[in-house]
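Peer 1: Mind folding the following:
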Amino acid sequence: MSVRNLKKKSETDWDRIDRMTDDEIDTSDIPPLTDAFFERARMVLPRIYLDRLDLIEARKFAAYILEKGWPNKNEELAHTAFNTALIISYARPFGMKKDLDDRREKPLDEQIAEVLTEEAEIALHKRVKEMRHKSFAHSDARAHLFEGLDYSNQIVFFKPELPLSQSETTLLATMIQKWINHLDTQIAKFKQSRSRIG
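Peer 2: Numbering: from 1, shown residues only. Next up, the predicted model:
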């Protein structure tokens, strides 16, 4: 949903919805929750909590970078270290992962349309993941080579992967909070479903 859509007046009668009891809500189109659902929830919830913890860690790194107002030459190494930690911790939930039974889990990326609504967010999300995969967690040579330069000679020039700019870090911090809120909602739904049955 874009910001423009949020400004439109809702035609939903929210007061009536707030007054409805659980019995008045039509749930006929929702399949019943089975033991299989709760077994799956038992397997998925720890993974959601781990994704959330990675994003909370990323939020701390982003906040620290923004608080410091980097970059400055005297603290370049510290800025690079925190930037690397931010990129790796943000990208972790979007990579290959496994559940408690060592089965591959769907990456969090499959939920991107529910969380990141602006083109700039989606572009930065892709860029940060690519930075993590090619430069920060792995050393993909292509990510560091200058196009058109002959690398068969003894002299070698590599381009460094620059830290995120202040505006990129600010946007990433906003995105991180959106992902945390999204995961909190998923956790709450699992817990609420469990309490209705139990």
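Peer 1: mind listing what residue 55 touches?
Peer 2: Listed by Cβ atoms under 8 Å, 6 or more residues apart in numbering, the contact partners of residue 55 are 89, 90, 93, 176, 179, 180, 183. No exception for glycine: its C-beta is placed from N, CA and C like everyone else's.
Peer 1: Am I right that the first one is in contact with residue 52?
Peer 2: Just to be clear, that refers to residue 89. No: under the criterion of Cβ atoms under 8 Å, residue 89 makes no contact with residue 52, lying 11.6 Å away.
Peer 1: Same drill for these two, tell me which one is more crowded.
Peer 2: The neighbour count for residue 89 versus residue 52, taken as other Cβ atoms under 10 Å, is higher for residue 89 (21 against 18).
Peer 1: So, low pLDDT: which residues of this protein?
Peer 2: Scanning the chain for pLDDT under 70 picks out 1-10, 22, 26-45, 71-72, 100, 138-161, 194-198.
Peer 1: which stretches of this protein form strands?
Peer 2: Remark: strands assigned in the chain by DSSP state E are 97-98, 104-105.
Peer 1: Please name whichever of those is nearest to residue 21.
Peer 2: In terms of Cβ to Cβ, the element of the strands of the chain nearest to residue 21 is strand 104-105, at 36.3 Å.
Peer 1: contact partners of the closest one?
Peer 2: 44, 47, 96, 97, 98, 99.
Peer 1: which two from these end up farthest apart in space?
Peer 2: For the contacts of strand 104-105, the maximum inter-member distance is 15.9 Å, found between 44 and 96 (Cβ to Cβ).
Peer 1: ok, the two, which is more surrounded?
Peer 2: Neighbour comparison, residue 44 and residue 96: the larger count goes to residue 44, with 17 against 7 (by other Cβ under 10 Å).
Peer 1: Please report the distance of residue 132 from residue 58.
Peer 2: 11 Å (Cβ to Cβ, to the nearest Å).
Peer 1: likewise residue 16?
Peer 2: Distance, residue 16 to residue 58, using Cβ to Cβ: 40 Å.
Peer 1: between those two, who's got more neighbours?
Peer 2: Between residue 16 and residue 58, counting by other Cβ under 10 Å, residue 58 is the more crowded of the two (26 against 9).
Peer 1: which residues sit in contact with the more buried one?
Peer 2: Residues near residue 58 by Cβ under 8 Å, 6+ apart: 86, 89, 90, 172, 176.
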